[in-house]
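1. sequence? don't have it. structure:
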């Protein structure tokens, strides 16, 4: 099992644990309130969404990862999503180590 697969499983696990915030508006709020520790943005998301999320994240100093496509992100979560915020320090720390 490679690191991307592990990351995908971990994201699913975080979601089942209720530590994931999905949906554009909620993710933006999570970034602003510093609840989002790590943002996953689909690397094939539209230019408007990508700009909005990356600008907000840079402003609030939140890391954004584009390792997944929309399809991979959606299958990890079991529902169609282009952007996800991980709202748990433990999960986001583990995810960062997998991405290195």
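-> Sure, I can see it. On a predicted model such as this, the values are computed, not experimentally measured, just so you know.
2. Excluding sequence neighbours, find me the nearest residue to the residue most central in space within the chain.
-> Residue closest to the mean C-alpha point of the chain, counted by CA atoms, centre = their mean, is residue 40 at 2.4 Å. Once flanking residues are discounted, residue 40 sits nearest to residue 84: 4.5 Å by CB to CB, 6 or more residues apart in numbering. In short, each C-beta sits where N, CA and C put it, glycine included.
3. contact partners of the helix or strand containing that neighbour?
-> Following DSSP states H and E, one finds residue 84 within strand 83-86. Here strand 83-86 makes contact (CB atoms under 8 Å, 6 or more residues apart in numbering) with 11, 14, 19-24, 26-27, 30-31, 35-42, 45, 49, 53, 73, 77, 92, 95.
4. who does it pair up with?
-> Note on strand 83-86: by DSSP bridges, its sheet partners are strand 20-22 (antiparallel), strand 38-41 (antiparallel).
5. Give me the average confidence score over it.
-> Mean pLDDT, computed over strand 83-86, is 97.
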